[in-house]
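1. take a look and give me a structure for this.
(2 chains)
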Amino acid sequence: GAGVSQSPSNKVTEKGKDVELRCDPISGHTALYWYRQSLGQGLEFLIYFQGNSAPDKSGLPSDRFSAERTGGSVSTLTIQRTQQEDSAVYLCASSFLAGSYEQYFGPGTRLTVT
Amino acid sequence: AQSVTQLGSHVSVSEGALVLLRCNYSSSVPPYLFWYVQYPNQGLQLLLKYTTGATLVKGINGFEAEFKKSETSFHLTKPSAHMSDAAEYFCAVSGSGGYNKLIFGAGTRLAVHP
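-> Below you'll find the model as predicted:
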């Protein structure tokens, strides 16, 4: 149906708390990507899923970050023990095939760690 | 390794004037190149892409870009700026492998004044 959706749109959390960010890709899209957009670092790749597998996790900044994808559809990005430097907009994108070059982006989740 | 450099974090033009946003890339493999636009509080929207074939590519909203291998450039142009073009523009590169993790430039914020 519609485009990539992400929830929540905004999340404010206290330092040290865990957060979960959700991404619903476009139906039928097999590839799913997470990116982070922050003032200091710009747009950075975090992780890529093909189906439920994550062949490339190279962008995850620390072991506090993890992600999973179930049913080849919804993905959750989890940040444990949040730090202030985790404050950013987390963007999800999906594409029909891994080799398809058009990625469709969601509106993002703005995470603020206080 | 791949990287992208966008020259000029801020560009300001008059309505009706030529828009030129500069992008240079570095890639050890044949690059695939993209321009995305981001309007305030929104996700990224693909403007145009170069994968193979014709080096002058046309995108949405009257934008076009030319891939110049000898100059490692992929500059974005539009003959006549419109107020609605005000946004942030990102150049990105990916490899031609089985999937396309995007490596983004730092972005250029385009302002259009009457």
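
2. and the residue nearest the centre of chain B, how far is that from B:Lys101?
-> Nearest to the geometric centre of chain B sits B:Trp35, at 3.3 Å (Cα atoms, centre = their mean). Distance, B:Trp35 to B:Lys101, by Cβ to Cβ, to the nearest Å: 17 Å. (Each C-beta comes from the backbone N, C-alpha and C, glycine too.)

3. likewise for B:Leu7?
-> Distance, B:Leu7 to B:Lys101, by Cβ to Cβ: 23 Å.

4. please identify which of those two sits among more neighbours.
-> Counting neighbours by other Cβ atoms under 10 Å in any protein chain shown for B:Leu7 and for B:Lys101 shows that B:Lys101 has the greater number, 20 against 15.

5. how far away is the more buried one from chain A?
-> Counting by Cβ to the nearest Cβ, to the nearest Å, the gap from B:Lys101 to chain A is 5 Å.

6. and A:Ala98, what pLDDT?
-> Note on A:Ala98: pLDDT of 66.

7. now the helix or strand of chain A with the lowest mean pLDDT: buried residues?
-> Ranked by mean pLDDT, DSSP states H and E, the weakest helix or strand in chain A is strand A:53-56, scoring a mean of 91. Going by neighbour count (16 or more other Cβ atoms under 10 Å in any protein chain shown), the buried part of strand A:53-56 is A:54, A:56.

8. ditto for stretch B:44-51
-> In terms of neighbour count (16+ other Cβ under 10 Å), stretch B:44-51 has its buried residues at B:44, B:46-50.

9. parallel or antiparallel, list what pairs with the host helix or strand of A:Arg22.
-> For A:Arg22, the element it lies in under DSSP states H and E is strand A:19-24. Partners of strand A:19-24 in the sheet, by DSSP bridges, are strand A:5-7 (antiparallel), strand A:75-79 (antiparallel).

10. I'd like the C-alpha coordinates of stretch B:44-61 written as CSV, please.
-> Extracted as CSV, the C-alpha positions of stretch B:44-61 are listed here (Å, rounded to 0.1, in the frame of the first residue of the first chain):
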residue,chain,number,x,y,z
LEU,B,44,14.5,11.4,1.6
GLN,B,45,13.1,11.4,-1.9
LEU,B,46,15.1,10.1,-4.9
LEU,B,47,15.6,12.8,-7.5
LEU,B,48,17.6,10.9,-10.0
LYS,B,49,20.2,8.1,-10.3
TYR,B,50,23.0,7.0,-12.5
THR,B,51,23.8,3.3,-12.8
THR,B,52,25.0,2.5,-16.3
GLY,B,53,24.4,3.9,-19.8
ALA,B,54,23.7,7.5,-20.6
THR,B,55,25.8,9.8,-18.5
LEU,B,56,23.3,12.6,-18.5
VAL,B,57,20.3,11.6,-16.4
LYS,B,58,17.1,13.4,-15.9
GLY,B,59,15.1,13.3,-12.8
ILE,B,60,12.0,14.7,-11.2
ASN,B,61,11.1,18.4,-10.8
